[in-house]
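In: sequence and computational prediction follow.
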Amino acid sequence: MPTTKEAVPVWSNFRRGVLALGVLLTSLPAFVAGARAQGLPLIRDAEIEALLQDYSKPIFAAAGFGGGRVTVRIVRNDAFNAFVVDGANVFINTGTLLQAKTPNEVIGVIAHESGHIAGGHMAALRARVAKDQTRALLTQILGIGAMVAGGVAGGDSGRDTMAGGQAIMQGGTQVIMRGLLSERRSQESAADQAGVKFLTETKQSGRGMLATFERFKEQEYLSEQFQDPFVRSHPVAGDRLAHLSSIVAASPYANQKDPAPLQLRHDLMRAKLSGYLETPTIVFNRYPETDKSLPARYARAIARFFRGGTGALEASVQEIDGMIRENPSYPYFYELKADLLMRSGRMAQAIPDLRKALKLAPDASLIRVELASALQSSGETGAETESISLLRKSLVIDDENAHAYRLLANAYYKAGKGPEADAMTAQAYFCEGDVIQAQTFAKRAQRQLHAGSPEWLKNDDIINYKPQT
């Protein structure tokens, strides 16, 4: 995507059952505190993030998440899934965005996950996991003790004692698992009710949420090998689905439809994801030449470029130019054209389109970073100075963008500002979750930065940061 930035994809699918949730809860605090996404292949895109913000903002307000407290983050994964691990982030897979046919389906998923955050479910589950780990340890100690005693006693009596020890261990684990499953089912039901409440308060239908869970109800009867991970992480019991259906139907907004302009933006998002993430063959099958709609043209313009061959860039640009003529105020068509030009090494040619895109979407920090990148590569007079201004402004809005910090570090190095460059490099490493490298550069920068300056204070925070264990 034009502004894609991925983390190292060491995690791709949910593990099985609630044990996976336990693993995530114990392994992710460090990434949330530092890189926010270390271990997950996150992507960034100005157009999609703007749309998801418009989807989530009313829901988050209804849930009481004011002041940008919660952020929706996009995980590059084909499975239909969304999840939360703390009170600050909702993670949603690209597979969900691609497969959801209406905005209401995605909004329903966000509402459900918001219900988990509002209910404090992650904190409760973390406490439960910690408690059950202690219980499991005690159970194992008792079981091992009985088995050792049996081994010492020997004979039939010893064998009975050892068998009893094994039963203690197995039985204790089953009790813990049943307790966890029961708590998860309770949390899922509570998140459903809260989600529908948020949707009703924002005058939106809950049918999108209902469609999601109805879609996967049948999968509960399949072998786990063929289940979507969403089913395993969001168990759908028949009585729960029936209750959800009744509260959705009772809403005065049950039959509320998505506005046509929002549906178009949703379709454009799906087309863009298809163009960038799927093979050209799949894209052209999904969006055949006979489909003259704007989303179909969007997807094909991207796919033509990635299919390659003689004249691929020119054919894509020609299609995009046609879309721009018809929709001159849509910033992301200019951004797409600039991205394809930059991918082809035509940095200077991309600058006018990025300037136009930024003018139309002045709050899009990711487009601002793209423009800074193009300027730095263009060799234009004054490009470094302008890029520094653009990057500093972008980081005021989005201070988690490691790519922006690296570009800023590069500009500072070229401007002869070594300590500032080291400070920005430290910030980049910290955003990526590499605390050791971040602290190395922070210490180097600290020695020459003015004590008490904003850069000095940020570096001091990095130097004194202690990862959670």
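Out: Great, that's in hand.

In: and the strands in the stretch 51-200 of the chain?
Out: When assigned using DSSP state E, counting those that start in this stretch, the strands of the stretch 51-200 of the chain occupy the ranges 71-75, 82-83, 89-93.

In: ranking the ones you listed by mean pLDDT, which is last?
Out: Lowest mean pLDDT of those: strand 82-83, a mean of 87.

In: can you tell me the strand partners of that one and which way each runs?
Out: Here strand 82-83 is paired, per DSSP bridges, with strand 89-93 (antiparallel).

In: tabulate the strands of the stretch 51-200 of the chain in a markdown table, adding columns for distance to Phe60.
Out: For the C-beta atoms, the positions are set from N, CA and C on the backbone; glycine is no exception. Shown next, in a markdown table, are those (distance: least, Cβ to Cβ, whole Å):
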| stretch | distance to Phe60 |
| --- | --- |
| strand 71-75 | 9 |
| strand 82-83 | 14 |
| strand 89-93 | 9 |
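
In: Ala451 is nearest to which of the ones you listed?
Out: Closest of the strands of the stretch 51-200 of the chain to Ala451 is strand 71-75, at 32.4 Å (criterion: Cβ to Cβ).

In: ok, then the element right after the strand or helix carrying Ser373?
Out: Element membership for Ser373, per DSSP states H and E: helix 365-378. Downstream of helix 365-378, the next assigned helix or strand under DSSP H and E is helix 383-397.

In: what's in contact with that next one?
Out: Contact with helix 383-397 is made by 363, 365-366, 368-369, 371-373, 375-376, 401, 404-405, 407-408, 411-412, 414-415, as judged by Cβ atoms under 8 Å, 6 or more residues apart in numbering.

In: give me that answer again for 6 Å
Out: Ser365, Arg368, Val369, Leu371, Ala372, Leu375, Gln376, Ala404, Leu407, Leu408, Ala411, Lys414 (Cβ atoms under 6 Å, 6 or more residues apart in numbering).

In: show the average pLDDT along it.
Out: Helix 383-397 comes out with an average pLDDT of 95.

In: buried residues, the helix or strand hosting Thr281. List them.
Out: According to DSSP H and E, Thr281 maps onto helix 280-286. Across helix 280-286, burial judged by 16 or more other Cβ atoms under 10 Å covers Pro280, Val283, Phe284, Arg286.

In: now swap in stretch 335-343 and tell me
Out: By 16+ other Cβ under 10 Å, the buried positions in stretch 335-343 come out as Glu335, Leu336, Lys337, Ala338, Asp339, Leu340, Leu341, Met342.

In: mind giving me JSON lines with those and columns for secondary structure?
Out: As requested, the buried residues of stretch 335-343 are exported to JSON lines (DSSP: H, G, I helix; E, B strand; the rest coil):
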{"residue": "Glu335", "secondary structure": "helix"}
{"residue": "Leu336", "secondary structure": "helix"}
{"residue": "Lys337", "secondary structure": "helix"}
{"residue": "Ala338", "secondary structure": "helix"}
{"residue": "Asp339", "secondary structure": "helix"}
{"residue": "Leu340", "secondary structure": "helix"}
{"residue": "Leu341", "secondary structure": "helix"}
{"residue": "Met342", "secondary structure": "helix"}
